[in-house]
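Asks: Mind looking at a prediction? Sequence and model below.
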Amino acid sequence: MKRAWASEAIEVGEPGTRQAVRIAPLPVQQPHPELWVAAFGPLALKQAGELGLPYLSSPLETIGRLTRNHELHREALPQGAPRPIVPVMRTVFISEDRATCDRVRSALTAQALRMARAGARLVQEEELADIENWAVVGGLDQVRAGLDHYRERIGMTHVIARCGVPDAAPREIDESIRALAELAGTSGR
């Protein structure tokens with residue numbers, strides 16, 4: 001992809017019928033768009049690290065698993081290479097209403113457990129039972145502290161916030177997104 005984005009001709013097709021093609025339009029970002037690798041398992045983490053590319057986690061990976069995975073990823077980075085950015089995908093919901101947060105936490109936990117039982121085995125059910133392991137839900141100060149914890153523990157540089165949560169009204173989700181945007185604007189990060 002990097003070669004294609006640099007306007008090089010790329011061979012495509014089956015052996016014997018391969019032809020050179022160029023992609024168009026070329027990306028605006030130069031030399032190419034930023035690449036992040038969704039990596040699951042030690043081999044994929046090692047490959048992403050060896051390529052010097054950021055590892056993008058699942059939103060259900062617990063903070064403990066993220067810590068271990070980022071250690072594996074860092075160990076695989078080429079010697080002397082700068083550490084790439086550290087994106088983390090998390091479910092984030094902000095509300096100052098305690099009952100709303102409790103309702104959302106309960107619905108998120110039930111949803112995650114259903115996913116785990118249906119075969120999404122990225123984490124164990126017992127790890128998902130404690131929502132603090134994989135989501136950030138609460139008032140503005142509580143969410144700020146939760147995101148700071150990810151920055152301190154694994155060096156998070158970017159958060160990809162999953163904002164659509166079960167059992168929250170569209171108005172509550174909109175308010176949460178506005179609060180998250182406000183938080184991002186005031187954090188300087």
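Replies: Structure's in. What do you need?
Asks: what's the residue nearest the centre of the chain sitting at in phi/psi?
Replies: Among the residues of the chain, the one closest to the centroid is Met89, at 2.5 Å (Cα atoms, centre = their mean). Met89 has phi and psi values of phi -100, psi 120 when expressed as degrees, to the nearest 10.
Asks: What's opposite it in the beta bridge?
Replies: Counting by DSSP bridges, Met89 forms beta bridges with Ile160.
Asks: Counting neighbours, what do you get for Ile94?
Replies: Other residues within reach of Ile94, judged by other Cβ atoms under 10 Å, total 27. From N, CA and C alone the C-beta is placed, and that goes for glycine too.
Asks: so what's it bridging to?
Replies: Bridge pairing for Ile94 - DSSP bridges - gives Gly138.
Asks: Not counting residues beside it along the chain, what's closest to Leu26?
Replies: The shortest distance from Leu26 to any non-neighbouring residue, by Cβ to Cβ, 6 or more residues apart in numbering, is to Ser7 (5.9 Å).
Asks: Over to Lys46?
Replies: That would be Ala76: by Cβ to Cβ, 6+ apart, it lies 4.4 Å from Lys46.
Asks: List the contacts of that neighbour.
Replies: Ala76 makes contact with Leu45, Lys46, Gln47, Ala48, Gly49, Glu50, according to Cβ atoms under 8 Å, 6 or more residues apart in numbering.
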